[in-house]
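A.B. asks: sequence and predicted structure below; questions after.
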Amino acid sequence: MRRVKVLMDTNFLLLPFNEGVNIISELDRVLEVSYELLVPSFCIEELRRLSTRGAKYQRMYSLAMQIIDRHCRIIEEELKPDEKVDDALIRLAKKLGAVVATGDAELRRKLRLEGVPIIYLRCGKKLEVEGLTV
């Protein structure tokens, strides 16, 4: 059985803070296979920029970094000139054969068009997997 690579975006890393969802236990529930959590370095930079907006965002950053430190492998990846984060996530997911975990509806739409599997929050409570065959 192969190990599923799960590429998490900034929005997904903020779900525990914004929605009160334990993303690790939810990933265990929906995947039911061995998986590896990956976070691109450009998402960490995005989190750092958010953290400068005040105390609430500093707490969000701190919680996201705790999750990353305990459960994830950081992938050093630079944005290409004029590349948007969503496009970089799609590029990286295709390169790695990864499923993308996101709470961003617009990114989900783009991922569907590109045929990239998705993990997302459904009804603000539970994670759901779309397009992944194991």
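C.D. replies: Yep, that arrived. Numbers count the residues shown, from 1 in each chain.
A.B. asks: where does this protein dip in pLDDT?
C.D. replies: 1, 134 (pLDDT under 70).
A.B. asks: which parts of it are helices?
C.D. replies: 10-13, 15-19, 23-31, 41-51, 55-71, 85-96, 105-114 (DSSP state H).
A.B. asks: who touches stretch 40-53?
C.D. replies: Stretch 40-53 is contacted by residues 7-10, 13, 57-58, 60-62, 64-65, 68, 74-79, 85, 88-89, 92 when judged by C-beta atoms under 8 Å, 6 or more residues apart in numbering. Every residue, glycine included, has its C-beta placed from N, CA and C.
A.B. asks: quick one: buried ones out of the residues you listed?
C.D. replies: Neighbour counting by 16 or more other C-beta atoms under 10 Å classes 7-10, 13, 57, 60-61, 64-65, 68, 75, 77, 85, 88-89, 92 among the contacts of stretch 40-53 as buried.
A.B. asks: my guess is residue 88 contacts residue 75, does it?
C.D. replies: No: Residue 88 lies out of contact with residue 75 (C-beta atoms under 8 Å); the separation is 10.9 Å.
A.B. asks: so who does residue 127 touch?
C.D. replies: With the criterion set at C-beta under 8 Å, 6+ apart, residue 127 makes contact with 21, 23, 26, 27, 29, 30, 101, 119, 120, 121.
A.B. asks: mind running it again at 6 Å?
C.D. replies: Taking C-beta atoms under 6 Å, 6 or more residues apart in numbering as the contact definition, residue 127 lies against 26, 30, 119.
A.B. asks: how many residues are close by the second one?
C.D. replies: Residue 30: 16 surrounding residues under other C-beta atoms under 10 Å.
A.B. asks: also the last one?
C.D. replies: Applying other C-beta under 10 Å, we find 27 residues neighbouring residue 119.
A.B. asks: what about the residue nearest to it when sequence neighbours are not counted, how many residues nearby?
C.D. replies: Nearest non-adjacent residue to residue 119, counting by C-beta to C-beta, 6 or more residues apart in numbering: residue 101, 4.1 Å away. Residues lying near residue 101 (other C-beta under 10 Å) number 27.
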